[in-house]
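Visitor: Fold the following.
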Amino acid sequence: MTSHLLVSLLHFSGRSQYRFWMLLCGLCLVATQATAGDPVLDIGHMDANPISLTSHFSVFEDSSQRLQLEDVQKPDMAAQFKAGTASGESLSFSYTASAMWLRLHVQNTSNAPVVRMLEISNPLLAHLTFYQPVDDQGYQATQTGYALPFATRPHASRFFVLPIRLPAHADQMLFFRVATPNSMILPVKLWELQAFHAHERADYVFQALYFGSALAIILYNLMLFVALRDMGYLLYLVSAAFSVLTLATFVGVGAEYIWGGVPFFTKMGTNVFLAIALTAFLLFTRRMLFTAERLPVLDRLLKLFVWINVAFCGLFFLSFEHVARLFVISYAITALLLLVTGTFSAYKRERSAYFFMAAFAVVLLALGMLAMRQLGVLPTNAWTTSGAQIGSALEMLLLSFALADRYNVMRRDKDSAQQRLVENLRTSEAILEDRVVQRTTELEVLNQRLEALSTIDGLTGIANRRHFDKLFAAEWLRCMRLGQPLALAMVDIDWFKKYNDCYGHQAGDECLRKFARILSATVSRSSDIVARYGGEEFVFFAPATDAEGALNMAEQLCAELEAAALPHAFSTYMCVTASIGVAVVVPSEVQAPAALIQAADAALYLAKKQGRNRAVLGTVTV
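Guide: Next comes the predicted model:
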C-alpha cells in the first residue's frame, strides 16, 4: 500500500507534491506515536522457560464489538492502544460486553526462521481471532474459540494454542481480538516449540490423574450407595459428579473429550454445573452435620442458599452475562457459609465435622481464590487454576472417609442398641418364667424378639445343636465346592453322670460351662465352630483341616482339660477328662454329611472303649 502511495506522489510536482510529502510525514509521525509505546519482544532466542506476555501487550477496548482489523490499524484507533496496562500472569477484564483487541510487537533477530507456541490457558473464550502478517499479502486471520467447532483450533489442545512462525530478521505486529460472555481472563504465554510439547505432555498426565482418580472415587461411592441405600451417598455423588463436570469445563477437558463441539455446555458449564453441585452439597451438609437439630439458625441459611442455587440454574438461561457476575459472589458466600457451618459443628464436637473441615479447608480456599480470579482481584497462576482440582481431589477422598466413618458409627450404635436389647430380653425372660400364665400374650411378642437367642446354648454360651446343624450343612456345601477337607470331632465328658450324682446338678452345670470355655479357647480359629450337641456331649468342626491337624486339635483339648485339673472323684484320672472321636473327609456329592457325623461318633465310641481321656481318628465310609 505504501509503494502505491509513493508511486502516486511521483506524478505530482511543485506545490502539490510538497503538500503530499507533508501529509505523508504527518501520517508517519502519527503512526510512529501510535506504536512507539509498544514493547518489542525478541522471540528469536528462547530457552525452555515460557514468557508471560501480559506486560508485552497493548490493549484497546472495542465497546461496539464491530471494529475490524483495518479499523484498529488506522492512526486514530492505533493511538488508543494502551501499553503496559497489566503485569503478572494474565490480563483480566472480568465480565465485559466489549471486544478486546491486543497488539503484540515481535521480532526475530536470529538468522533462521522460528516457530513459537502462544498458549492462552483459558478455554472459556467464545471468540478468538489471531492476525499475523503473511509475506506481502497482508494479514492472515485465524479464528477459533469455544463457539466454533473444536476442529478449528490450529493445535488440538484443551486450551487455545496458536503457532507463530517468524522468518529470520522479521519484525511484525500481531493482533488478537477476544470476545466472550464468560469472565475474560487472558493468561498468555509464549513457548519454545519443544519445551511446549514437554509441558503439554506433563499437563495431560496431571489431568488424567485427576479425572481418573475422581471417576474411581465416584464409582466406588456409587457402589456403596447401591449397597447401603443411604441418601447421603446419593447427594455426595451428585455433588462430586457435577463438581468434576465444572472443573472439566473450567480446564477445557469437557470441550475436548466429553461434549465436543457443543458450545452451550462450555458457556454454561462452569456456572450451571457448579450451581447443581452446590445445591447437592448444601443438602449433603445438612444431612451429614445434622444442622436441623443442632444448628437451626445456620440450617435455615443453608436451605435458603439451596433455593438460591436452584434459582440460578434457571436464571442463567434468561440472562447469562448479568447473572454470572452475581453467581460468582453467591458461590463465594456459599463457600463462606459452609466454612462457618463446619466450624460451629466442630466446636459442638460433631464427629463428622472434623472430616468436613479437613476436606474443605483446601477446597473452600480454592473456591474463594477462583471467585476472586474470576472477578479479577487475584492474578492467574498455578494456585488459582490447578488449585481447584487439587482441592477437589482431596475433598472427594476425605469425604469418602467421612461417609465411611459415619456408616461405621451408625453400625456401632445399632450393634450397641441390639446388645442392650439382648440384655433386656434376658432379664425379661426370667420375669416371664414366673408369670407365664398371666402374661401369655406378652410372652408371644417377646418370643419373637428372643428368636435371636435361639442359636446360643443358654447354659454354656456357645452354639446350640440347632445352630450347629445349620452351620455344618452350609460348611459341607462350601468345602465340597472348594474341594477342601472338613474335620469333625464329637466330644463327650467322661463319667459325667457320676459327677452330677457326686457334686450335684449346680456343680455339673458349672463343670459344663468351664468345659465349654476350655473348648472355645482351644478351638479358636474364626472359621472353626464349637457347639453343645446335647447333655455332656459337645462337637466342633474345622474347615480346611486335614486328619493330622484335626487329631492334634483334639489331643490339645485333652491336654488342656487335664491341665485344668477339675476334680472328679469318680474318674480313673481323678479329674474331669473327655473322650473325642475325630473324622475327616473331603465332601462330595456321593456322600452325605451324616456319614461324617457317624464316623466321628464311631471314633468317640472307640475312644471310650480304649480307656477314655483320648482322641481317636475314625474313617469315613463311602
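Visitor: Export only the CA atoms of the helix or strand encompassing Q143, formatted as CSV.
Guide: Q143 belongs to strand 139-144 when elements are defined using DSSP states H and E. The C-alpha trace of strand 139-144 is given here as CSV (Å, rounded to 0.1, in the frame of the first residue of the first chain):
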residue,chain,number,x,y,z
TYR,A,139,-2.7,-10.3,7.4
GLN,A,140,-4.0,-13.9,7.7
ALA,A,141,-6.8,-14.4,10.2
THR,A,142,-7.1,-17.5,12.3
GLN,A,143,-10.5,-17.8,14.1
THR,A,144,-11.1,-20.1,17.0
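Visitor: Now do the contacts for T180.
Guide: Residues near T180 by Cβ atoms under 8 Å, 6 or more residues apart in numbering: 124-127, 145. For the C-beta atoms, the positions are set from N, CA and C on the backbone; glycine is no exception.
Visitor: same deal with H155?
Guide: Counting by Cβ under 8 Å, 6+ apart, the residues that H155 touches are 117, 161-163.
Visitor: what's the spacing between V310 and V272?
Guide: Distance, V310 to V272, by Cβ to Cβ, to the nearest Å: 11 Å.
Visitor: before we move on, the earlier item: which members of the contacts of T180 occur in strands, if any?
Guide: Using DSSP state E, the subset of the contacts of T180 located in strands is H127.
Visitor: Any chance of the contacts of T180 in TSV with neighbour count and pLDDT as columns?
Guide: Listed next are those as TSV, based on neighbours: other Cβ atoms under 10 Å; pLDDT from 0 to 100:
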residue	neighbour count	pLDDT
L124	22	91
L125	22	93
A126	17	92
H127	17	94
G145	20	93
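Visitor: farthest pair in the contacts of T180?
Guide: Taking Cβ to Cβ, the two most distant members of these are L124 and H127; they sit 11.5 Å apart.
Visitor: tell me which element the closest residue to R439 other than its chain neighbours falls in.
Guide: Closest residue in space to R439, ignoring its immediate chain neighbours: L432 at 6.5 Å, by Cβ to Cβ, 6 or more residues apart in numbering. Assigned by DSSP H and E, L432 belongs to helix 387-434.
Visitor: now the helix or strand in which R478 is found: mean pLDDT?
Guide: Applying DSSP H and E as the criterion places R478 in helix 465-482. The average pLDDT for helix 465-482 rounds to 90.
Visitor: domains in the chain, as residue ranges please.
Guide: 1-36, 37-198, 230-410, 456-617 (automatic domain parsing).
Visitor: need those domains in TSV with distance to F206, can you?
Guide: Formatted as TSV, these follow (distance: least, Cβ to Cβ, whole Å):
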stretch	distance to F206
domain 1-36	40
domain 37-198	11
domain 230-410	7
domain 456-617	44
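Visitor: For T427, find the nearest of the ones you listed.
Guide: So among the domains of the chain, domain 456-617 is nearest, using Cβ to Cβ, at 13.8 Å.
Visitor: Convert stretch 289-297 to PDB, retaining C-alpha atoms only.
Guide: Provided in PDB are the C-alpha atoms of stretch 289-297 (Å, rounded to 0.1, in the frame of the first residue of the first chain):
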ATOM      1  CA  LEU A 289     -23.800 -32.400  60.200                       C
ATOM      2  CA  PHE A 290     -27.400 -32.800  61.500                       C
ATOM      3  CA  THR A 291     -27.800 -29.000  61.200                       C
ATOM      4  CA  ALA A 292     -31.600 -29.100  61.500                       C
ATOM      5  CA  GLU A 293     -31.300 -30.400  65.100                       C
ATOM      6  CA  ARG A 294     -28.000 -28.900  66.300                       C
ATOM      7  CA  LEU A 295     -27.600 -25.600  64.300                       C
ATOM      8  CA  PRO A 296     -31.100 -24.500  63.400                       C
ATOM      9  CA  VAL A 297     -30.200 -20.900  62.500                       C
END
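Visitor: Mind jotting down where the strands sit in the stretch 1-150 of the chain?
Guide: 40-42, 51-52, 58-62, 82-83, 91-94, 99-107, 114-120, 127-133, 139-144 (DSSP state E, counting those that start in this stretch).
Visitor: can you put those strands in a markdown table and add distance to Q194?
Guide: Below are the strands of the stretch 1-150 of the chain laid out as a markdown table (distance: least, Cβ to Cβ, whole Å):
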| stretch | distance to Q194 |
| --- | --- |
| strand 40-42 | 19 |
| strand 51-52 | 15 |
| strand 58-62 | 29 |
| strand 82-83 | 30 |
| strand 91-94 | 27 |
| strand 99-107 | 19 |
| strand 114-120 | 10 |
| strand 127-133 | 21 |
| strand 139-144 | 22 |
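Visitor: Out of the ones you listed, the one nearest F284 is which?
Guide: Across the strands of the stretch 1-150 of the chain (criterion: Cβ to Cβ), the nearest stretch is strand 91-94, sitting at 30.9 Å.
Visitor: tell me what that closest one is packed against?
Guide: In terms of contacts (3 or more Cβ pairs under 8 Å, 6 or more residues apart in numbering; DSSP states H and E), strand 91-94 is packed against strand 99-107, strand 184-186.
Visitor: What mean pLDDT does the longest one get?
Guide: Just to be clear, that refers to strand 99-107. Here strand 99-107 scores 95 as its mean pLDDT.
Visitor: buried sites along it?
Guide: 99-106 (16 or more other Cβ atoms under 10 Å).
Visitor: now the last one
Guide: Neighbour counts using 16+ other Cβ under 10 Å place 184-186 of strand 184-186 among the buried residues.
Visitor: Sheet-wise, list the partners of it with their directions.
Guide: Sheet pairing of strand 184-186 (DSSP bridges) gives strand 91-94 (antiparallel).
Visitor: tell me the mean pLDDT over the strand it pairs with?
Guide: Mean predicted confidence for strand 91-94 is 85.
Visitor: Return the distance of it from the chain's centre.
Guide: Offset of strand 91-94 from its chain centre (Cα atoms, centre = their mean, to the nearest Å): 32 Å.
Visitor: picking that back up, more neighbours: V310 and V272, which one.
Guide: V272 (24 against 15; other Cβ atoms under 10 Å).
Visitor: quick one: the more buried one and F316, what's the gap?
Guide: Distance from V272 to F316, by Cβ to Cβ: 5 Å.
Visitor: What of V323?
Guide: For V323, the distance to F316 - Cβ to Cβ - is 5 Å.
Visitor: if I look at the two, which residues touch both of them?
Guide: N271.
Visitor: how about I597, what does it touch?
Guide: 488, 490.
Visitor: Check whether it sits in a helix, strand or coil.
Guide: With DSSP: H, G, I helix; E, B strand; the rest coil as the basis, I597 sits in helix.
Visitor: any idea how far it lies from L477?
Guide: 15 Å.
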